[in-house]
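Novice: the following comprises the amino acid sequence and a computationally predicted model.
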Amino acid sequence: MCRRFGAAIRFCGAVVLVVAALAGCARHDQWITFRGEGGRGHSRNAMTPPLGVRWELSLQTGDRRSFAFNNLIVKDDTLYFGSTDGNFYAMSIDTGYMDWVFRTGAAVNSVPYADETQVYFGSNDGHVYALDRRSGEEVWRFNAGRTVQSTVIGYKDMIIFSGDGGGIWFLTRDGELEHMHPNPVWHRVTLQVMDGEMYMVPGPTENPRTLGVYDVTEHTHRWLLPSEIMSALWYSFPAVTRSHMITQTSRITAYGVEFNTYALDRSTGRIEWLRRFEGDFSAHPPDGSMHAWMRDRTYILDYQAPAVWRDRVISASGDTIVRALSERTGAIEWESYLSRRTSSAPMISGDHVYVGVFGDTVGAQADGAREGSRPPRLLALSARSGRKVWELETNGAILSPPVVAGRYMVFGTDQNYVYVLERVL
């Protein structure tokens with residue numbers, strides 16, 4: 001999210017978090033929960049490399065590079081996702097056949113949600129839309145009055161989303177307003193609900209520049225982040241485990257970028273441990289300033305989001321190191337040093353960590369790179385050791401990590417390509 005000071009929006013890295021976690025994949029051939037159960041970035045389906053390309057599709061966006069291609073969702077063998085071209089798409093995951101396209105008035109940077117009959121998403125035109133899943137016909141729209149670049153989540157009979165610098169909205173599934181929590185500060189908020197608690201919601205009216213855990217039924221905060229955390233520019237989408245809420249923050253320092261991983265007691269918000277790192281960009285420095293690099297990252301709603309595998313917290317913060325920490329103590333379990341910067345958060349399937357990395361020229365088409373240069377890639381690392389076990393070249397850098405549904409793995413790139421991979425037997 002970004003904070004708003006007066007009339008000006010200060011880039012403070014979209015801090016967002018809140019969190020979209022409904023229930024996790026009830027069926028393993030679906031993916032409708034942002035970063036999976038508890039936001040832990042883990043799929044119960046084990047996709048073991050090597051993987052092959054089932055199909056790839058270039059969206060008609062010209063040569064324009066995307067700074068965000070947020071998570072696609074999968075429901076009943078259909079892909080649903082929005083694009084910077086202002087369209088919302090429904091495609092067959094098996095064939096890539098376009099079922100329908102719905103046009104909005106601006107870029108679609110939100111993460112959608114689908115139930116049995118409808119799919120819901122927000123647009124930068126200030127509306128949230130509900131479409132019939134079969135036909136793509138509009139069922140209703142709600143005017144939030146602000147760009148909607150959040151996760152859109154379903155919880156019980158509610159649809160919940162955030163408007164940038166506006167509010168957290170609670171609607172019925174018929175599009176009627178039930179409740180609104182003011183959000184005058186934060187932009188690009190990601191929401192997650194577990195056990196009636198929403199992580200992490202902008203603070204109350206008298207203290208809006210903080211974030212915390214919110215009781216969805218009572219509409220009150222249970223706790224707020226400790227003040228010592230609130231000096232960061234970006235707060236990641238958190239992973240929620242049985243005992244912890246784990247989040248990462250980043251801020252610009254005189255020496256570069258500082259990354260902090262926090263484990264907080266889920267019941268009280270007390271900090272149980274903190275692990276601090278200086279970003280390592282020596283092998284592949286970003287183009288331009290660190291502020292420009294950070295600004296570009298904050299369009300990706302799961303930038304810096306940690307993944308949890310067994311008792312390990314695995315993170316990729318946009319530098320050249322993937323790190324695994326002990327969930328219990330924060331001790332370093334392993335570090336994997338890469339030759340290029342990571343472009344996505346990690347996703348864990350089975351005992352493999354999947355993460356995107358940039359090519360030599362960020363934003364350049366793979367076929368336009370100079371001779372001998374490396375294109376962007378999808379990497380698979382061992383979750384046990386961090387050792388690289390497989391890679392696949394992609395047309396454009398992967399901006400949000402793959403999602404796994406049934407026998408397929410799906411992701412989008414900054415060159416506006418959609419990929420569907422399958423296991424090679």
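Specialist: Nice, thanks for sending it over.
Novice: low pLDDT regions in this protein?
Specialist: Low-confidence segments of the chain (pLDDT under 70): 1-28, 60-63, 361-372.
Novice: the helix or strand containing residue 325: how far from the chain's middle?
Specialist: Using DSSP states H and E, residue 325 falls within strand 321-326. Taking Cα atoms, centre = their mean, to the nearest Å, one finds the center of strand 321-326 at 18 Å from the center of the full chain.
Novice: paired strands for whichever helix or strand comes after it, with orientation please.
Specialist: Proceeding N to C from strand 321-326, the next assigned helix or strand is strand 332-337, under DSSP H and E. Using DSSP bridges, strand 332-337 pairs in its sheet with strand 321-326 (antiparallel).
Novice: what's the nearest residue to the residue sitting nearest the centre point of the chain if we skip its chain neighbours?
Specialist: Central residue of the chain (Cα atoms, centre = their mean): residue 302, 2.5 Å from the mean position. Distances taken as Cβ to Cβ, 6 or more residues apart in numbering put residue 345 closest to residue 302, at 4.6 Å, once the chain neighbours are dropped. (Glycine included, C-beta is placed from N, CA and C.)
Novice: count the neighbours of that neighbour for me.
Specialist: Using other Cβ atoms under 10 Å, residue 345 has 30 neighbouring residues.
Novice: helix, strand, or coil at the residue nearest to the centre of the chain?
Specialist: coil (DSSP: H, G, I helix; E, B strand; the rest coil).
Novice: that one touches residue 238, doesn't it?
Specialist: No. Using Cβ atoms under 8 Å, residue 302 is not in contact with residue 238, being 10.5 Å away.
Novice: can you show me the strands along the stretch 1-150 of the chain?
Specialist: In the stretch 1-150 of the chain, the strands defined using DSSP state E, counting those that start in this stretch lie at 3-5, 8-10, 42-43, 51-58, 73-75, 78-82, 87-92, 98-103, 113-114, 118-122, 127-132, 138-143.
Novice: which other helices and strands contact the very next helix or strand once past the last one?
Specialist: In the C-terminal direction, the helix or strand that comes right after strand 138-143 (DSSP H and E) is strand 153-155. In this structure, strand 153-155 packs against strand 158-163, strand 192-194, with contacts taken as 3 or more Cβ pairs under 8 Å, 6 or more residues apart in numbering; DSSP states H and E.
Novice: so what does the last one touch, helix or strand wise?
Specialist: By that I understand strand 192-194. With contacts taken as 3+ Cβ pairs under 8 Å, 6+ apart, strand 192-194 sits against strand 153-155, strand 197-202.
Novice: which one of those strands lies closest to residue 418?
Specialist: Residue 418 lies closest, by Cβ to Cβ, to one member of these: strand 153-155, at 22.7 Å.
Novice: and for that closest one, what's in contact with it?
Specialist: The contact list for strand 153-155, computed with Cβ atoms under 8 Å, 6 or more residues apart in numbering, reads 20-22, 34, 113, 115, 120, 159-161, 173, 191-193, 216.
Novice: go ahead and confirm residue 252 touches residue 291.
Specialist: Yes. Using Cβ under 8 Å, residue 252 makes contact with residue 291 at a distance of 6.3 Å.
Novice: which of these two has more neighbours?
Specialist: For residue 252 and residue 291, the more surrounded residue by other Cβ under 10 Å is residue 252, and the numbers stand at 18 against 13.
Novice: the more buried one: what's it in contact with?
Specialist: Contacts of residue 252 (Cβ under 8 Å, 6+ apart): 233, 258, 290-291, 294.
Novice: same deal with residue 53?
Specialist: Residue 53 is in contact with 392, 419-421, counting by Cβ under 8 Å, 6+ apart.
Novice: now the residues you listed in CSV, with distance to residue 77?
Specialist: Below are those laid out as CSV (distance: Cβ to Cβ, whole Å):
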residue, distance to residue 77
392, 23
419, 17
420, 11
421, 16
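Novice: now, the most widely separated pair of those residues?
Specialist: 392 and 420, at 12.4 Å, using Cβ to Cβ across the contacts of residue 53.
Novice: between the two, which has more neighbouring residues?
Specialist: When residue 392 and residue 420 are compared for neighbours, residue 420 comes out ahead with 24 against 19, by other Cβ under 10 Å.
Novice: SS state for that one?
Specialist: Using three-state DSSP, the structure places residue 420 in strand.
Novice: what sits against it?
Specialist: Applying Cβ under 8 Å, 6+ apart, the residues near residue 420 are 53-56, 79, 93, 96, 408-410.
Novice: let's see that with 7 Å instead.
Specialist: 54-55, 93, 96, 408, 410 (Cβ atoms under 7 Å, 6 or more residues apart in numbering).
Novice: how far away is it from residue 272?
Specialist: Separation of residue 420 from residue 272 (Cβ to Cβ, to the nearest Å): 39 Å.
Novice: pretty sure residue 274 sits in a strand.
Specialist: Yes. Counting by three-state DSSP, one finds residue 274 located in a strand.
Novice: hang on, isn't residue 203 packed against residue 224?
Specialist: Yes. With contacts counted by Cβ atoms under 7 Å, residue 203 reaches residue 224, the gap being 5.6 Å.
Novice: can you pull the residues that touch both of the two?
Specialist: 210-212.
Novice: to residue 312, which of the strands of the stretch 1-150 of the chain lies closest?
Specialist: Proximity to residue 312 (Cβ to Cβ) singles out strand 42-43 among the strands of the stretch 1-150 of the chain, at 10.8 Å.
Novice: list the strands paired with that closest one, with their directions.
Specialist: Here strand 42-43 is paired, per DSSP bridges, with strand 347-349 (parallel).
Novice: which residues touch the closest residue to residue 144 other than its chain neighbours?
Specialist: Once flanking residues are discounted, residue 144 sits nearest to residue 163: 3.9 Å by Cβ to Cβ, 6+ apart. Listed by Cβ under 7 Å, 6+ apart, the contact set of residue 163 reads 144-146, 148, 169.
Novice: same deal with residue 232?
Specialist: Contacts of residue 232 (Cβ under 7 Å, 6+ apart): 249-251.
Novice: any chance you could map the helices in the stretch 151-300 of the chain?
Specialist: Using DSSP state H, counting those that start in this stretch, the helices of the stretch 151-300 of the chain run over 290-297.
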